[in-house]
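Colleague: my questions are about this predicted structure, shown below with the sequence.
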Amino acid sequence: MLLYHGSDHIVEAPRQGGGKRTNDYGYGFYMTEHLELAKEWACAKGTDGFANIYEINLTGLRILRLNDPMYSILNWLAVLARYRTYWQNGSIAEEAKNYLQQHYFVDPDAYDVVIGYRADDSYFTFAQDFVAGVISVEKLKEAMHLGKLGEQVVVKSQAAFERLQFQGAEVAEASIYYEKKVSRDQEARRQYRLSVRNSHPSEELYMLDIMREGITNEDPRLR
């Protein structure tokens, strides 16, 4: 499969252990299947960049697919709560983060590759709102499809890094792709605000409900 990594420079030889521990799934090399998204990420700071192109064969690798039916969105959120360091302060936020990690955390370092949502600026805000008890799990699941960011593919292990074959890079012009990134984020936030206005708190599942009822992944309300 072909994957793309947006950056302000060309990366011919990605190395294990690079990046930041505070990325969505910890250390790893973060890519997308969508060239246009990679170009937006490459221009995230308002400067020109590159969409680096790689080919990888995933056959035989241990892959954590966080959007598979066996997992719920709370598994993804528990991983995010482990690695992302900044969260809004709230009356239940810290307790909720601890609960998620105790009951839903799946260790991404046990896998060669992780595939799951990307917590872009707006998406991370949605996640924080859920943890703080502002929105329901139903609204969080809806929100993760706003803006159409799709999934990201993260190479974690040395075995997976050895499969990456650099194919070249395409220039990403900030004059085009920075504006696209900003517009995508603004539109996701606009749709999110509309969605929240149409909430039905008495019929939806909130973080406090999950903690009080001891809800697990098997509960159909998480699907």
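Modeller: Cool, the structure landed.
Colleague: residue 130 belongs to a helix?
Modeller: Yes: according to DSSP: H, G, I helix; E, B strand; the rest coil, residue 130 belongs to a helix.
Colleague: so what's it up against?
Modeller: 77, 136-137, 139-140, 207 (C-beta atoms under 8 Å, 6 or more residues apart in numbering). Every residue, glycine included, has its C-beta placed from N, CA and C.
Colleague: are any of the residues you listed buried, and if so which?
Modeller: Buried residues within the contacts of residue 130, counting neighbours by 16 or more other C-beta atoms under 10 Å: 77, 136-137, 139-140, 207.
Colleague: among the residues you listed, which are in helices?
Modeller: 77, 137, 139-140, 207 (DSSP state H).
Colleague: hmm, back to that, I'd like to know which of the contacts of residue 130 is nearest to residue 187.
Modeller: Comparing these against residue 187 with C-beta to C-beta places residue 139 closest, at 16.8 Å.
Colleague: what helices or strands is the helix or strand containing residue 114 leaning on?
Modeller: Take DSSP states H and E as the rule and residue 114 turns out to sit in strand 113-117. For strand 113-117, the elements it packs on are strand 63-65, helix 73-83, strand 151-155, judged by 3 or more C-beta pairs under 8 Å, 6 or more residues apart in numbering; DSSP states H and E.
Colleague: residue 144 contacts residue 122, doesn't it?
Modeller: No: Residue 144 is not in contact with residue 122 according to C-beta atoms under 8 Å; the separation is 10.3 Å.
Colleague: and the longest helix for the chain?
Modeller: The chain, longest helix under DSSP H: helix 174-197.
Colleague: using CSV, list the CA coordinates for that one.
Modeller: What follows is helix 174-197, C-alpha atoms only, in CSV (Å, rounded to 0.1, in the frame of the first residue of the first chain):
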residue,chain,number,x,y,z
ALA,A,174,1.2,26.6,1.8
SER,A,175,-0.7,29.1,-0.3
ILE,A,176,-3.0,26.2,-1.2
TYR,A,177,-2.8,23.6,1.6
TYR,A,178,-2.6,25.7,4.7
GLU,A,179,-5.9,27.4,3.7
LYS,A,180,-7.4,23.9,3.1
LYS,A,181,-6.3,22.7,6.5
VAL,A,182,-7.8,25.8,8.2
SER,A,183,-11.0,25.5,6.3
ARG,A,184,-11.3,21.8,7.1
ASP,A,185,-10.9,22.5,10.8
GLN,A,186,-13.3,25.4,10.8
GLU,A,187,-16.0,23.3,9.0
ALA,A,188,-15.6,20.4,11.4
ARG,A,189,-16.0,22.8,14.4
ARG,A,190,-19.1,24.4,12.7
GLN,A,191,-20.7,21.0,12.2
TYR,A,192,-19.8,20.0,15.7
ARG,A,193,-21.6,23.1,17.2
LEU,A,194,-24.7,22.2,15.2
SER,A,195,-24.5,18.6,16.4
VAL,A,196,-24.2,19.6,20.0
ARG,A,197,-27.2,21.9,19.8
